[in-house]
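Q: from the sequence below, what's the structure:
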Amino acid sequence: MGSYKFKESGVGKMRKQMLVVFNEMLYGTNAVFTSPVYDDILGRYDKTAIQYVATDVSGTAPTLTVTIEGSNDRRNWLLMTTNGGPINAKNLTAGTTNTDWGQTTTPDAPYLSYARLKIVLGGASPAARLKISVTCRDDA
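A: Residues are numbered from 1 along each chain as shown. The predicted structure is shown next:
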């Protein structure tokens, strides 16, 4: 018998990484960031899809925003996404499992050397247990 070699659709669009980069309980509206452990990995690939799962949601009109920031020195961070980011002010509902996803809005623009996710809850006294996973792709 011959062997069959699986070929992904979308020539050259290969998945390089799939990681859970955040899994914590958040309280309030202060920005938090993914661990510096992921800066190099997230900066290595120019196409990113982000999925979140939010549970234990509370507060008045809670929302979630996730943006991508980039840096060449890990000290000075710049916004790398447009239109509010891949996940922009998504409404969260208490008493249910909230899940959605977003992707980079400028997939042909390269990131800087390092990248991180900036995570912000909105609303009045928001709280949520948040799990964020990313899939990173490259053209080669």
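Q: mind listing what the spatially most central residue of the chain touches?
A: By CA atoms, centre = their mean, the chain has its centre lying nearest to residue 50, at 3.9 Å. Counting by CB atoms under 8 Å, 6 or more residues apart in numbering, residue 50 touches 66, 86, 87, 101, 102, 103, 117, 132, 133, 134. Bear in mind the C-beta positions are built from the backbone N, C-alpha and C, glycine included.
Q: now residue 115
A: 39, 42, 43, 48, 68, 69, 70, 71, 80.
Q: doesn't it belong to a helix?
A: No. Counting by DSSP: H, G, I helix; E, B strand; the rest coil, residue 115 is not part of a helix but strand.
Q: for it, list each beta-bridge partner.
A: Counting by DSSP bridges, residue 115 forms beta bridges with residue 70.
Q: hang on, isn't residue 71 packed against residue 111?
A: No. Look at residue 71 against residue 111 with CB atoms under 8 Å: they stay out of range, at 9.4 Å.
Q: buried residues, stretch 40-53. List them.
A: Across stretch 40-53, burial judged by 16 or more other CB atoms under 10 Å covers 41, 42, 43, 45, 46, 47, 48, 49, 50, 51, 52, 53.
Q: just the mean pLDDT for whichever strand or helix holds the last one, thanks.
A: To tie it back to what came earlier, the one meant is residue 53. Taking DSSP states H and E as the definition, one finds residue 53 inside strand 47-71. Per-residue pLDDT values over strand 47-71 give a mean of 95.
Q: tell me which residues in that strand are buried?
A: For strand 47-71, burial by neighbour count (16+ other CB under 10 Å) applies to 47-55, 57, 59, 62-71.
Q: and what of stretch 74-89?
A: 77, 80, 81, 85, 86, 87.
Q: stretch 28-44: how far from the chain's middle?
A: 9 Å (CA atoms, centre = their mean, to the nearest Å).
Q: which residues touch that stretch?
A: Here stretch 28-44 makes contact (CB under 8 Å, 6+ apart) with 16-17, 19, 21-22, 24, 26, 48, 68-71, 74, 111-123, 125-127, 132, 134, 136.
Q: gap between the two ends of it?
A: Distance between the two ends of stretch 28-44: 31 Å, counting by CA to CA, to the nearest Å.
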